[in-house]
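**Q** Got a predicted model here, sequence first, then my questions.
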Amino acid sequence: MPRVYKTKEGARKRIPIDKEILELAVNDVIGGKSLRGTAKGYGIAVMTLKRYVRKKKNAMTENIDYTPNYRHSPVTNFFVN
């Protein structure tokens, strides 16, 4: 029988970030503003903003996907009769 994951009491919840806000923040950092100041101003974690700035700088095309890499508990049925 599978175990059910219980979140700890003091654990932080993942806050979804709006794609447009993230894109504005990335463009501000690339435009010359500080990383920490921009992250604080938009309410985004510094490492999250840094990851997307690095992704945009290293991208070969202009199309960058500003979506998180995690999914909410994908459940698959392994026991199909």
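**A** Noted; the coordinates are in hand.
**Q** Give me the below-cutoff pLDDT ranges for this protein.
**A** Counting by pLDDT under 70, the chain shows low-confidence ranges at 60-62, 68-81.
**Q** For it, just list every one of the strands.
**A** For the chain, applying DSSP state E gives no strands.
**Q** which residues in it form helices?
**A** With DSSP state H, the ranges of helices along the chain come out as 19-31, 35-42, 46-58.
**Q** Now that we have those, can you turn them into CSV and tack on distance to Arg12 and mean neighbour count?
**A** Just so you know, the C-beta spots here come from the backbone N, C-alpha and C atoms, and that holds for glycine as well. Listed next are these as CSV, based on distance: least, C-beta to C-beta, whole Å; neighbours: other C-beta atoms under 10 Å:
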stretch, distance to Arg12, mean neighbour count
helix 19-31, 18, 15
helix 35-42, 16, 15
helix 46-58, 13, 14
